[in-house]
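S.K.: Provided below are the primary sequence and the corresponding predicted coordinates.
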Amino acid sequence: MISADSKILFDKFEIIDYLKKDDYSSVYLANHVYLSKKIVLKVLDKSGIKDESIIERFKREAKLLAGLDHKNIIKVLDFGIYGDFFYISFEYFESNNLRYFLNHPSLNEEQKTDLLKQLFISLHFAHQHNIIHRDIKPENIFVNEKLHLKMGDFGLAYTAGDSFVTNKTAVVGTPAYMSPEQLLGETPTEKSDLFSAGVVAYELFTGENLFIADDINQTINNILNFDYDSALSALNNIPKEIAFIISKLINSDPKDRFNSAKEALEHLNVNQDEISETPVKKLRPTKIIRISIVLISSLLLIIISVFAWRNLISGTDENIAGTSLSDQQKIIENKSDTQSPFGEQSIPDEKSVINTEVAPDNPLKNVDQQKKNENNTLKAEEISQGTLKINVLPWAYVYIDSKLLDSTPLKDDIRLKKGNHKITLKNPGYPDYETEIKIQAGKEKLVSFNLDALFSFLSVKVHPWGKIFIDGKEIGDTPFYKPIVLKAGIYAISIVNPEFGKFEEKVTIVKGDTLEMSYNFFDQKILEN
């Protein structure tokens, strides 16, 4: 994988910062040398990747996003191949993801509703182009300081009607936001995206995630055994129209959900003009002639009106300029007499109301000001707080005292009160890891975790095949294509084949090591005979 220390990538990208990494790809903040602008660069190292679907998904993301040009969707700037690397460059949208807002609740109901509108506008546009996102979650929704929202990360998206890039039974997405049909390996549709958006909306307005649990298996179980009525009871404290929309999105059965994002927008009272840029219909020649005549006539009327208005303004300016200061004051005073007898200004027309409306308070400005105040009083705060830095390989969702922060790498250092805190790391490919750290006031603590070193691995080979149980829990049927990840300890291993019987053995697995275990039922049968 390319190091962030490589200043210039692919002869045109100057690396500014390292943002994120998973098993195969890296994401950087970079400067496009030729465009002289900041961009986000996503790089895939195809060397060593045996699963072609990973490469195809990367290509597909570029292709799909290149066809989506919308104010609420992150834009692709270019895509290319350089040696063993594929890369996509995206527009740089200076923002925080929606998880930041969930962790720093400062939005009022009106602002939350506006974000929800923008989310469904972006979904409607994507769905109009037959694109299913498949991974809608707070981490893939970006919001700037003006509360402008953009949908990003179409890495798992696909075009409706196309064959799957992944196996049709493969489960892709983030479990806590996935629809039941996705978890069951069924073909996802627009309604699958709507379910995920409903889970996000539920969390935005209630502060709680419907399904997330201590481990991935329980999370999946919560979705598949969803208590719909119980979830609705938590919506009593939010606006009725929002509660109704969410209730129509989070139904387990797709038939009971809205048919489209447009339906949700209609219930949010969004005008058709606001929804999306739809393809322009080609006009017939007769229509073009008619429209041209109307446009020319309108243009002539505008020109005449402009000249008349200029003459009027010119005359008014001359009249005012020709008066004394006291006379001008009288003119101003006379104008003020047009107020209503109650001392209030006359009611403006509808356009004036729109133009003079005071924008709602911007929560990010308040947060930014708070940060400035925190910096100014840092010495005082150091009496009771310390700083925590966390590095995790390969990556993990980080929980501090049972509260989800974000996935690694974390953008910012974590400020914590002095004392003991529980850290929980969650990665679907590993057991959950928990540890306790102590924060000292005014000091910085750096902790690094390598999940491969924290856990143990069991490699099982059985001939001809066997069903594997560990401590009585069914794991699955061999062959396994990668080792089973376990915590270090003593385990009772059972291998069952209905034709040959059962083999049992206790094994001790050491942290960081891989225990290789093989068993041949044919050999056992020969010994018994």
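M.R.: Sure thing, it's come through.

S.K.: pLDDT below threshold where in the protein?
M.R.: Scanning the chain for pLDDT under 70 picks out 1-6, 22-23, 158, 160-174, 276-383, 481, 524-529.

S.K.: Quick check, central residue of it?
M.R.: Nearest to the mean C-alpha position of the chain, by CA atoms, centre = their mean, lies residue 140 at 1.5 Å.

S.K.: Surely that one and residue 149 touch.
M.R.: No - Residue 140 lies out of contact with residue 149 (CB atoms under 8 Å); the separation is 11.2 Å. C-betas here are computed from N, CA, C, even on glycine.

S.K.: joint contacts of these two?
M.R.: Shared contacts of residue 140 and residue 149 (CB atoms under 8 Å, 6 or more residues apart in numbering): none.

S.K.: Same question for the nearest residue to residue 250 once chain neighbours are set aside, what's its three-state structure.
M.R.: Using CB to CB, 6 or more residues apart in numbering and skipping the chain neighbours, the partner closest in space to residue 250 is residue 198 (4.2 Å). Secondary structure assignment for residue 198 (DSSP: H, G, I helix; E, B strand; the rest coil): helix.

S.K.: Please apply the same query to residue 181.
M.R.: helix.

S.K.: what does residue 62 give?
M.R.: helix.

S.K.: Residue 266: which element?
M.R.: Assigned by DSSP states H and E, residue 266 belongs to helix 261-267.

S.K.: who does that helix touch, helix- and strand-wise?
M.R.: Secondary-structure packing of helix 261-267 (3 or more CB pairs under 8 Å, 6 or more residues apart in numbering; DSSP states H and E): helix 109-128, helix 190-206, helix 240-249.

S.K.: List the buried residues of that helix.
M.R.: For helix 261-267, the neighbour count (16 or more other CB atoms under 10 Å) marks 261, 262, 263, 264, 265 as buried.

S.K.: residues touching the residue nearest to residue 250, list them.
M.R.: 245, 246, 248, 249, 250, 257.

S.K.: quick one: it from residue 109, how far?
M.R.: The gap separating residue 198 from residue 109 is 17 Å, by CB to CB, to the nearest Å.

S.K.: got it, and residue 119?
M.R.: Taken as CB to CB, the span from residue 119 to residue 109 is 15 Å.

S.K.: In terms of packing, which of those two has more residues around it?
M.R.: Shown here are residue 119 and residue 109; by other CB atoms under 10 Å, residue 119 has more neighbours (24 against 11).

S.K.: mind listing what that one touches?
M.R.: 72, 141, 149, 151, 197, 200, 201.

S.K.: quick check, nearest of these to residue 404?
M.R.: Checking the contacts of residue 119 against residue 404 with CB to CB, the nearest one is residue 200 at 13.9 Å.

S.K.: Could you check how many residues crowd around that closest one?
M.R.: 24.

S.K.: Please report the number of neighbouring residues for the residue nearest to residue 509 when sequence neighbours are not counted.
M.R.: Spatial nearest neighbour of residue 509, excluding adjacent residues (CB to CB, 6+ apart): residue 456 at 4.0 Å. The number of residues packed near residue 456 is 22, by other CB under 10 Å.

S.K.: now residue 210
M.R.: Neighbours of residue 210 under the rule other CB under 10 Å: 21.
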